[in-house]
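Asks: here are the coordinates; sequence isn't available:
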């Protein structure tokens, strides 16, 4: 039997349902999956609840009884990250365009099957939970610590709900906890002022309280919890109940929390993160008791291996073979130390030392080594060093300077220099070439277009696809030269062929004056062929001037060039571009096409795109057409053109004789 389960810990979310969902399949899905649901019959009451509470998801009926889209707009003004979900009995183009404009998160059709409804909900909720949990718990939340402890209390602080994680962590049964208050798990070491501040914040200020609380289990074992306590208010701003979210941070609190607090209290610091390289091997061959002895002995040995012991007075044990050293930056500089040379000595001495466990000399000198990442300053100090440690291991180095500028420079130099050299050689030898993939008319099966696709032929005469070099090239001065060469290659073919040629061009490239000048110069030289040219616009996160893009498109279209939007359907941003750029052609995202045989959601979305395109008199092209069954489905839906390996792979064209349209 199919399950209506939404993946992830949805107990951590607060949902507001607006409208009348009685006997609705969507209501059933939400009530089965969300613990904290608030309801409102109209948008006035709903806005009051939104203004008083920290709502995560708003589920609203697209009803004629109230102005739904004005309501969504008001929600986004309160908090643009709040998830907005509209429910309707049918989908029409006007509503779809409004949803796009408002950046609606999800649009559900009431008469859909459960699996169709769950697919976009799961995608939306999963992404939001990741953002929300990291926002709440920061470095304390990760994939190994994803069990969030949840409880609810009434206005007097009496527990009315606990989840399984609460019971598992505390050791108490649900029966023992319900009807009690949280004093049952509070450790006597906590200061009274903590809870005075907690109650003042949630009851008097009606705000969220957050902090770290020491708790005690039924077996008198201590544990620490990073906690959030949230008051839930009604439309009259009266408290209804309290919800608590917690993460057990006991394994980190002893040293990592002290480390982070000390970083925060220092004006500037020098931080080193150290990793035992063979820790995975230790876990595989030794029991936990011996590993703990090795870790403790190693922490003690680190201090003895420091060249100047007065600079660092303690070792922070972070677990899993990882350690940290921290000192004041100015204290370090007073010793006139070169930071990198200092840590080189630390690593060298440590790697050449013999580890002593309980008085026994173990032969770890050849097997137990460390790598070290250091950073200095204050902002993002721990994150920089942590990221740098991964770079150190990846690059087979022993010491790595992880400050931002050095990290970027070294990553580029170490990982990408060979690729940059390869690109330079290819450009010098005219080995940046264009391959062309046919695009056929679905009704006639005649090739009416080709897409120009960049390839690099290396010194061993291997043909490399863009994934092998283009992303690296974009970070270099050679990117413009590659774009220039692709344009030249494509125009050279355009004037020798009867069919249309599509050229991919990113929006960030269009922003560059040099590229715009090259394009219009080539277009002027081949103006009699302009009507055969299609520009496929590629979305780019680095676009910061849409006016330049818009002006470029207007100028190109005035000279007969057609405009296509590539990868359409991969997100609502595509629809925004539809409104802004008024394209002639839409190329539907290939991930939707390749799954269309078995994925009803993909088919529904493709059908919606095609319907919308026909109303706007826009031609549609489907990529990733890999077999005849897919092609037949696309024909049935009404897509105009197809492209994919079923019709032909990208290859160089033979221009010795004039290419004419041909039947597949």
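Replies: That came through fine. Everything numeric here is computed off the predicted structure, so don't read it as measured data. Residues are numbered from 1 along each chain as shown.
Asks: rest of the way, CA atoms for contacts and neighbours
Replies: Fine.
Asks: so residue 502 is in which element?
Replies: Assigned by DSSP states H and E, residue 502 belongs to strand 500-506.
Asks: which intervals of the stretch 501-650 of the chain have sub-threshold pLDDT?
Replies: 540-544, 570-576 (pLDDT under 70).
Asks: that older thread, who are the packing partners of the helix or strand just after the strand holding residue 502?
Replies: The helix or strand immediately downstream of strand 500-506 is helix 507-510, counting by DSSP H and E. Contacts defined by 3 or more CA pairs under 8 Å, 6 or more residues apart in numbering; DSSP states H and E place helix 507-510 against helix 546-558.
Asks: buried set for the helix it packs on?
Replies: Judged by neighbour count using 16 or more other CA atoms under 10 Å, the buried positions of helix 546-558 are 549, 550, 552, 553, 556, 557.
Asks: what sits against the last one?
Replies: Shown here is residue 557, whose contacts under the criterion CA atoms under 8 Å, 6 or more residues apart in numbering are residue 563.
Asks: where along the stretch 151-300 of the chain do the helices fall?
Replies: For the stretch 151-300 of the chain, applying DSSP state H, counting those that start in this stretch gives helices covering 164-170, 174-177, 192-199, 250-252, 258-265, 279-285, 288-304.
Asks: Quick one: closest of those helices to residue 620.
Replies: Proximity to residue 620, assessed across the helices of the stretch 151-300 of the chain by CA to CA, is greatest for helix 164-170 (50.2 Å).
Asks: Could you pull up the mean pLDDT of that closest one?
Replies: Confidence for helix 164-170, expressed as mean pLDDT, is 93.
Asks: helices or strands next to that helix in the packing?
Replies: Going by 3+ CA pairs under 8 Å, 6+ apart, helix 164-170 lies up against strand 149-153.
Asks: For residue 350, which residues are in contact?
Replies: Residues in contact with residue 350 (CA under 8 Å, 6+ apart) are 301, 302, 305, 369, 370.
Asks: what's the domain layout of the protein?
Replies: What automatic domain parsing lists as the domains of the chain is 10-140, 147-248, 257-402, 417-643.
Asks: can I get the contacts of residue 350 in TSV with pLDDT?
Replies: Output for the contacts of residue 350, formatted as TSV (pLDDT from 0 to 100):
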residue	pLDDT
301	84
302	86
305	82
369	83
370	88
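Asks: Make a ChimeraX selection of the buried ones in those.
Replies: Only the buried entries of the contacts of residue 350 go into this ChimeraX selection, using 16+ other CA under 10 Å:
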select :301,302,305,369,370
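Asks: would you turn the contacts of residue 350 into TSV with distance to residue 11?
Replies: Formatted as TSV, the contacts of residue 350 follow (distance: CA to CA, whole Å):
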residue	distance to residue 11
301	45
302	43
305	48
369	43
370	41
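Asks: quick one: which of the contacts of residue 350 is nearest residue 327?
Replies: Nearest to residue 327 out of those is residue 302 (CA to CA; 14.7 Å).
Asks: Next up, the contacts around the closest one.
Replies: Residues in contact with residue 302 (CA under 8 Å, 6+ apart) are 315, 350.
Asks: residue ranges of the strands in the stretch 51-200 of the chain, please?
Replies: 57-61, 83-88, 106-109, 149-153, 159-162 (DSSP state E, counting those that start in this stretch).
Asks: Please identify which of the ones you listed is closest to residue 204.
Replies: That would be strand 149-153 among the strands of the stretch 51-200 of the chain, by CA to CA, at 16.3 Å.
Asks: Parallel or antiparallel, which strands does that closest one pair with?
Replies: With DSSP bridges as the test, strand 149-153 is paired with strand 159-162 (antiparallel), strand 239-248 (antiparallel).
Asks: quick one: buried residues of the longest one?
Replies: Read that as strand 239-248. Of the residues in strand 239-248, 239, 241, 242, 243, 244, 245, 246, 247, 248 count as buried by neighbour count, 16+ other CA under 10 Å.
Asks: quick one, what contacts the residue nearest to the second one when sequence neighbours are not counted?
Replies: Spatial nearest neighbour of residue 241, chain neighbours left out: residue 154 (4.7 Å); criterion: CA to CA, 6 or more residues apart in numbering. For residue 154, the contacting residues are 160, 240, 241, 242, taking CA under 8 Å, 6+ apart as the criterion.
Asks: still on that earlier bit, same list (the strands paired with strand 149-153) but as JSON lines, adding distance to residue 177.
Replies: Output for those, formatted as JSON lines (distance: least, CA to CA, whole Å):
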{"stretch": "strand 159-162", "distance to residue 177": "7"}
{"stretch": "strand 239-248", "distance to residue 177": "14"}
